[in-house]
Structure formats: structure tokens, C-alpha cells
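1. Here is my input; please provide its structure:
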Amino acid sequence: MNRRRLLTTIGVSGTASLTGCIGRLTGNGEEENDPTLEEFQYFFVDETGTLGEPAEGQQPPEDAEDWQIVKNTLEESDWQEKQENDVERARGYLAGEATDVTGSGPDGGEVFEGTVEEIVQRTQEMYENPEEEFDPSSGTEGHILEEMQQEDDPVAFTRALIHATDTVTDVTSSGGKDFLAPNLAEYAMEELGLDFPEYELSTMISTEPTGLEDQMIEGSMRETEGGQTIGTTGMRHLLSLLTYENEDGELQNKYVENIKAHPTSTFRSMLRDPEDSAYREPIEGGRFKIHENTQGAPMWPEHYATAFEQEKLENMREMGLDIDNPGEQFTMAALAMVDDGLNDISKLPNEGYQITVSDEIKEQAEDFALNPTKDKKEKIENFGKMAYSVLEKEIGEDFKNDPIYGADNPIRIEGSLETPEFYHEPREKYVSEQ
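-> Numbering: from 1, shown residues only. Got it, this is the predicted structure:
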């Protein structure tokens, strides 16, 4: 079992009164109230109205404790700034600076080739003049050219942006590429004078197959006809969800691999409709070919799932695969739809706790991926804003008098995306001050 999964399963069970007090042992053995050991509901005071309708009916009762009350003072311009300032995360990553919320870049502070300005320039050249930039006689470039000529403009722009990160920089990992395209998209659009309604390129997490046994999660190993062992990394692969409005005014979703702007042997296509993705291949369908009429070995469907394949992730867990909590993965995706780069939030769901969500929210998440509408997108964004606010909520202090946040504790989310209810889950043991 990996360390994160082990930590997230500690201390999240049982029930307690929503209003009862649980003690914490102090240095002299006395007991004091400790909200981290209680179960309680979070209530919302939305001073600016930017959390939307879900927060309106969750005003705190008169007897609510301070730690239960989440105040939102962010204007719409503040939420928008969380999207627009992501470019600085990309700049910092290329320069080798530690810019993510854990304090380090995924490649340990390595300095990479290329700059943000060079990526934007190459994006413009490829997007505006694809016939001049791509050789139709080349297999790879010919494919990109053909796709760009047929795609909606927002999709062609996204493909050009990802190919620009391929050609300008020497970043190759999905973790590294996640620092680039999702964090540059809005900035590049502004620099190039483009305006795509409802456009968003946000990070999400998925599983992916791997032949490296030290990266395979427990329960995922399978053997090919040639004797090779294939498994999955679990929820470690980073890709993006592209959302935009087409010419008919309809909302569209695409799953996007940030690694390459052309097909690979691992993923069916780097940019595709969710229903056509390998991630959606049903487990009951058995092994499948990534590309039809090829010599490649069939793959296992249980090695592919994104944060939006909630039912499939649950089935994978039932099969014995050591998959991280599916509800937490969707919550992370919703947070990214509020802050693409996740560089503004103080703490993320990371270690020591877990986030669980109701079955209804899981079903709504999956429905949005396959049948997106502007209304459904707004509900997920409001959900993400509420989750963001709860994670940032200061609910107490530890024995060093350092603040403890909602993000440091287990969270259970009940209800639906229309009316999500956020509950703090109690830790199971006392915290003794040393």
C-alpha cells in the first residue's frame, strides 16, 4: 500500500454528536475542547454571493461554533484571478523554482529549456498557419495538421499549445507538462487576442498503465502473452479536462493528454471525447486494443480511469486495486476548475485524511463528463469554490499554536451538487502535546 493511501485511511470512522464536545489532552493533563476531534457541519456566510445558490441555504444557526462558520469574502474578480495568475507557476517551473503547494517542482527544481513567451509565440504560429507549420507527408505532423483543420477553434488552439510545449521545452513527464499547458492557456489566449466562450483547461488525475513494477499499485499486475508484467500507477497520471462552447452554443468536454499533441501507443488519442477514451473502456468488456488494426497487445480496462469515472474507480477498488478515494479525486478536479494551477490554495488534500462524497455527487460528476451543460459546469464550479473555502478554513491550533485548517482533517460531503453539505470528520485519537 502506498504511503498516501495508508495515511488517508487512518482516523476516519465512527460517528459523533454534531454539537458534543470532545477533549484534547494538554501538557498538564487537563482536557480542553478540540474541534479536530469532533464531527460537525460547516456552514457558509457568503458575503459576496460568489459561492452561488448551494451556499444560500446553509447559513449558520445561532449556536454554531466559530470553527463551523466558513466566510467567503472573495469577489468574482478574485476567483478569476486564480485562473489568470497560473502563468507564474509555469514561468517558475521552467526556471527551476519550487512553485507548487508542496514546496517543490515534480522534477526537483531542474531548469528547463524554453520560456513562456516562446511557447506563446509558437502556439500562435501553429494555430494561425498550421499548413505552413506541419508537413502533411510526415506521419506525426500530418496527423496534427489533419486534426487541426477539422476541429473546433478552441480544440485546435489547445492542440497547438501542447505541441508548442513539446517543441519549445524539454519537459517530457506528465507531471512536468501539467505545469505548462493548463497554466498557460488563459494567458496565451489573452496575449493572442482570442476569446473562446466557456474555455477552461483544468488539471485532473487518472490512472495509466506502466511496465515498471516499482510504480505498480497493489492488485494491478497483469501478464501479457509475451510474459511482460503490466500494471497501473494508480491515481498519479496528470491530464487535463478541456471545456468550451462550440459554435452552436453547446458545452463540450474533451480529455487531453498534455504530453504529446499526437496519438501514442498508450492513449487512444491525445485529445478526444470522453466516451471515445480508453479511460471509459468498461471493465466487463475485457481487454481492448488502443488502436484497431494494429499489432499492439490488448490493454486491460482496469488500468485506465480518470477522476470522472467514479463508478469504474469504485469497481477497480472492489477488484483489489489500491486506488485512492474516488470522491477525493473528483473534489480535486472540481478545485482545479476553480484554480487551474492549484497555486493559490494554501493546502491541498494530500496526506493524513480523506475526502468522501455522496453517491449522488459521484453520479453527477460522471454525468457532467459525458453530457456537459453550462448549468452542470456552474454547479461543479460552485462545489469547487465551497470545497476550496472549507479547505482554507482555520478551525483551531495545534500544540505549537500553529493554525489547523479544514485541509488538515477528514471531510465528508453529503447531498448533491445542488445542495452539498460539508462535514468535518473526527480524528480517532487524542493529540497529546509534548
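2. for residue 228, what are its contacts?
-> Applying C-beta atoms under 8 Å, 6 or more residues apart in numbering, we find residue 228 in contact with residue 211. C-beta coordinates here come from the backbone N, C-alpha and C atoms, glycine included.
3. quick one: it and residue 299, what's the gap?
-> 12 Å (C-beta to C-beta, to the nearest Å).
4. which residues does residue 240 contact?
-> Residue 240 sits next to 178, 181-182, 201-204, 255-256, 258 when contact means C-beta under 8 Å, 6+ apart.
5. Where does it sit: helix, strand or coil?
-> Using DSSP: H, G, I helix; E, B strand; the rest coil, the structure places residue 240 in strand.
6. What of the one 3 residues further on?
-> Taken by three-state DSSP, the conformation at residue 243 corresponds to strand.
7. In contact with it, which residues are there?
-> Applying C-beta under 8 Å, 6+ apart to residue 243 gives the contacts 198-202, 251-254, 337, 372, 377.
8. again, only using 10 Å
-> Each residue near residue 243 by C-beta atoms under 10 Å, 6 or more residues apart in numbering is listed here: 154, 198-202, 251-254, 337, 368, 372, 374, 377, 380.
9. Show the pLDDT at it.
-> Looking at residue 243, its pLDDT reads 97.
10. and what of residue 297?
-> Residue 297 is assigned a pLDDT of 80 by the prediction.
11. and if you look at the one 3 residues further on?
-> Here, the pLDDT recorded for residue 300 equals 95.
12. got any ranges where the chain has weak pLDDT?
-> 1-32, 98-109, 261-266, 293-295, 347-353, 427-434 (pLDDT under 70).
13. quick one, domains of it?
-> The record's domain parsing of the chain by automatic domain parsing lists 1-85+344-434, 87-308.
14. hey, which of the ones you listed is tucked in deepest?
-> When the domains of the chain are scored by mean count of other C-beta atoms under 10 Å, the highest mean neighbour count falls to domain 87-308 (a mean of 18).
15. For it, what is the distance to the chain centroid?
-> From the chain centre to the centre of domain 87-308 is a distance of 14 Å (C-alpha atoms, centre = their mean, to the nearest Å).
16. Residue 422 is in contact with residue 410, isn't it?
-> No. Using C-beta atoms under 10 Å, residue 422 is not in contact with residue 410; the gap is 11.3 Å.
17. what's residue 371 sitting at in phi/psi?
-> Main-chain torsions, residue 371, degrees, to the nearest 10: phi -130, psi 70.
18. And it, how far from residue 253?
-> In this view, residue 371 and residue 253 are 9 Å apart by C-beta to C-beta.
19. Quickly list what's touching both of these two.
-> Residues touching both residue 371 and residue 253 (C-beta under 10 Å, 6+ apart): 274-275.
20. Return the subset of the contacts of residue 243 lying in helices.
-> 154, 337, 368, 374, 377, 380 (DSSP state H).
21. Dump the residues you listed into JSON lines; add distance to residue 81 as well.
-> Shown next, in JSON lines, are the ones in helices among the contacts of residue 243 (distance: C-beta to C-beta, whole Å):
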{"residue": "154", "distance to residue 81": "22"}
{"residue": "337", "distance to residue 81": "15"}
{"residue": "368", "distance to residue 81": "25"}
{"residue": "374", "distance to residue 81": "22"}
{"residue": "377", "distance to residue 81": "19"}
{"residue": "380", "distance to residue 81": "20"}
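22. and residue 424, what is it in contact with?
-> Taking C-beta under 10 Å, 6+ apart, we find residue 424 in contact with 18, 35-42, 67-68, 353, 390, 393, 395, 406, 409-412.
23. Closest one to residue 124 out of the contacts of residue 240, please.
-> Distances from residue 124 to those, taken as C-beta to C-beta, are shortest for residue 181 (14.7 Å).
24. Contacts only, for that closest one.
-> 90, 119, 123, 158, 161-165, 188, 201, 203, 240, 242, 256-259, 261, 340.
25. cutoff 6 Å now
-> 161-162, 165, 258 (C-beta atoms under 6 Å, 6 or more residues apart in numbering).
26. Which of the residues you listed sits closest to residue 57?
-> residue 258 (38.2 Å).
27. What segments of the stretch 1-150 of the chain are helices?
-> Applying DSSP state H, counting those that start in this stretch to the stretch 1-150 of the chain gives helices spanning 3-8, 53-56, 76-84, 87-94, 116-128, 130-133, 139-150.
28. List just the one of those helices that sits closest to residue 110.
-> helix 87-94 (9.3 Å).
29. The helix or strand residue 165 falls within - contacts with which helices or strands?
-> Using DSSP states H and E, residue 165 sits in helix 153-168. With contacts taken as 3 or more C-beta pairs under 6 Å, 6 or more residues apart in numbering; DSSP states H and E, helix 153-168 sits against helix 116-128, helix 181-191.
30. Tell me what angle the last one forms with helix 76-84.
-> Orientation of helix 181-191 against helix 76-84 (axes from the mean of the first three to the mean of the last three C-alpha atoms, to 10 degrees) gives an angle of 110 degrees.
31. How about the longest one?
-> Orientation check (the same axes, to 10 degrees): helix 116-128 against helix 76-84 gives 90 degrees.
32. elements contacting helix 116-128?
-> Where contact means 3+ C-beta pairs under 6 Å, 6+ apart, helix 116-128 is packed against helix 153-168, helix 181-191.
33. Tell me how far residue 59 lies from residue 45.
-> Distance of residue 59 to residue 45, given as C-beta to C-beta: 7 Å.
34. try residue 38
-> 20 Å.
35. How about residue 189?
-> Residue 189 sits 34 Å away from residue 45, taking C-beta to C-beta as the criterion.
36. same thing with residue 176?
-> Separation of residue 176 from residue 45 (C-beta to C-beta) stands at 40 Å.
37. do the same with residue 92
-> Per C-beta to C-beta, residue 92 is found 34 Å from residue 45.
38. For the helix holding residue 165, list the C-alpha coordinates in PDB.
-> Taking Å, rounded to 0.1, in the frame of the first residue of the first chain, the C-alpha atoms of helix 153-168 are listed here in PDB:
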ATOM      1  CA  ASP A 153     -11.100  26.500 -32.900                       C
ATOM      2  CA  PRO A 154     -10.700  26.000 -29.100                       C
ATOM      3  CA  VAL A 155      -9.600  22.500 -29.700                       C
ATOM      4  CA  ALA A 156      -7.200  23.400 -32.400                       C
ATOM      5  CA  PHE A 157      -5.700  26.100 -30.200                       C
ATOM      6  CA  THR A 158      -5.300  23.600 -27.400                       C
ATOM      7  CA  ARG A 159      -3.500  21.200 -29.700                       C
ATOM      8  CA  ALA A 160      -1.200  24.000 -30.900                       C
ATOM      9  CA  LEU A 161      -0.400  25.000 -27.400                       C
ATOM     10  CA  ILE A 162       0.500  21.500 -26.300                       C
ATOM     11  CA  HIS A 163       2.600  20.900 -29.400                       C
ATOM     12  CA  ALA A 164       4.400  24.200 -28.700                       C
ATOM     13  CA  THR A 165       5.300  22.900 -25.200                       C
ATOM     14  CA  ASP A 166       6.700  19.800 -27.000                       C
ATOM     15  CA  THR A 167       8.900  21.700 -29.400                       C
ATOM     16  CA  VAL A 168      10.000  24.700 -27.200                       C
END
